[in-house]
Structures are given as structure tokens and as C-alpha cells.
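> sequence-free structure coming up:
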């Protein structure tokens, strides 16, 4: 079985195991109180997604609630984004090229408050991973980048979101540094600056082929989650290794469209927790 598919199946096993509270000790008042916090945290997807176990584990600093801590350390262990470290990835040539079959289709743009999202209304094509087709649904941006590469965070990250017929998700990410303007953003620039936060804006035909991946075929791959609520796990992530360029004006327009231009809409990197990260290198 393909390694990536095995990892995806392991995510489902972990989900089931997280339903078990193990050897939780609630004999003391303190343990009971922390147990309530635990239940609140895992029941509130937005809380878990943006704060996760890191905030909760601070409650245990210099404390000895060992059993409870062991439970909490099992939460959100498959989250995204992560730091992609070249010395820790497994290079696999048999992962194969990222097969894209995109095509132009009608699309809309919407200011969702935390990001600008372009969503296709028609068939915009697909990618194929491990023989499974994933239909392209939408793309959006985060600034600064959510994934880091060897500890470096870049100015922008684009996410292309795909879904297969079984409902599983695959996201292709591209990171950007300051430099020449990005082609897709150049075409959408005036729409982004004028989009109404309360309504979808028709864009006409948008060609996903205008999103350039670069000449390099290399990419990273791992199993993670969405980076916004509900932080769905079991997502196949593909991060293009080639860092593209974007202008300062384009990044500023994206930031000002969703907030004051200074705040960020990027989730912090999450613990890898032993998950394998692969790199395709032809």
C-alpha cells in the first residue's frame, strides 16, 4: 500500500483512539476542573484549532497531573501547518509528479473575513494522487505563510483545495517571497480591493492554469489537517518546494482586504508528533 495512504488510514485510527480517555484520574478537584477544560477544548473546534493543546498544556507547567497531560498530548497530533525541515524528510522518487489537469471555469471571489477565497462554480479540473482524482474547489491566501521551510516563514501562502468523490481533501500549497508580482494576483487585483465582505462577486472565467508552480517538480507531502476551523484531519498536503514571488503591493492588498494590513491570518506551526514527511525528487 502507498505510504501516504497508510498514513491517512493511521489518522483514522488515531481519531478513534482519541475518543478513549485512557487512565484519566479525576479523583481530585484539580483534576476534575482540568477535565472540564479538556472537554470544553475538544468540543469547541475553533478553540482547538487556533490554540490547541499548547495553551492547555501550560496549565500543567510545574504540576503533576501526569495522566491528564498524557491525554491532552494526544489531541491535535495531526494538525497543520508544520515546519518542513529538509534534513528530516524522506526523499521518495516513486511518489511521482504532481498530476494536474486544470481548466478554466466560472468563479466567484468572497471576503470571508479571515481570508480572500476564489471558488469555482463549474468544473475547474482536478489533480490525481495515488490514482484518486481530487476536484479543484477553491483557493485562498494566508499572510504570512503558514508552513515554514527549514524554519523560515515567507510572506504569503496560497492553498488550492481539492476534494475526491469520497469526501477526502487534498490541499496544494505554494509559498511566496517578495519579488516580481504574481500573475494570478495581478489578474484579480482590482477585484480583491473592491470585494464586498457580505457578498460573492462574480469573476467570470478564471483559469487555474494561471497559478504558476515553477519549473521544479519537487514537493513535500504529509498527512495533516485544515488550518482553519473545523481543522479537519486526514488532509493530504502537497507543498511545492519552489518558492515563488509576489509584490509587496499585492500582499498589502490581501492583508488590507481582510483586516488593517498589519495583522496576520496564518496559524502557527504545529508539532509533527512523529508523522513522516516525504519529498518528491525526480
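Okay, I see it. None of the values given here were measured: they were computed from a predicted structure. Residues are numbered from 1 along each chain as shown.
> SS state for residue 187?
Of the three states, residue 187 takes helix according to DSSP: H, G, I helix; E, B strand; the rest coil.
> mind listing the helices for the protein?
Secondary structure of the chain (DSSP state H): helices at 3-18, 29-43, 45-50, 52-57, 66-72, 183-194, 248-258.
> number of residues surrounding the closest residue to residue 100 other than its chain neighbours?
Closest residue to residue 100 apart from its sequence neighbours, by C-beta to C-beta, 6 or more residues apart in numbering: residue 127 at 5.3 Å. Quick note: C-beta positions are derived from backbone N, CA and C, even for glycine. With neighbours defined by other C-beta atoms under 10 Å, the count for residue 127 comes to 21.
> residue 127 contacts residue 98, doesn't it?
Yes. Shown here, residue 127 and residue 98 form a contact pair, counting by C-beta atoms under 8 Å, at 6.5 Å.
> list residues touching both of these two?
Contact with both residue 127 and residue 98 is made by residues residue 172, according to C-beta atoms under 8 Å, 6 or more residues apart in numbering.
> give me the pLDDT for residue 266.
The model reports residue 266 with a pLDDT of 89.
> how deep is it tucked in, by neighbour count?
The burial count assigned to residue 266 is 19, neighbours taken as other C-beta under 10 Å.
> could you check how far residue 95 is from residue 104?
From residue 95 over to residue 104 the distance is 28 Å, taken as C-beta to C-beta, to the nearest Å.
> isn't residue 99 right up against residue 130?
No. Counting by C-beta under 8 Å, residue 99 stays clear of residue 130, with 10.4 Å between them.
> those two - which one has more neighbours?
Higher neighbour count among residue 99 and residue 130: residue 130, with 14 against 11, using other C-beta under 10 Å.
> residue 278 against residue 92, yeah?
Yes. Under the criterion of C-beta under 8 Å, residue 278 makes contact with residue 92 at 5.0 Å.
> settle it for me: which of the two has more neighbours?
Counting neighbours by other C-beta under 10 Å for residue 278 and for residue 92 shows that residue 278 has the greater number, 19 against 15.
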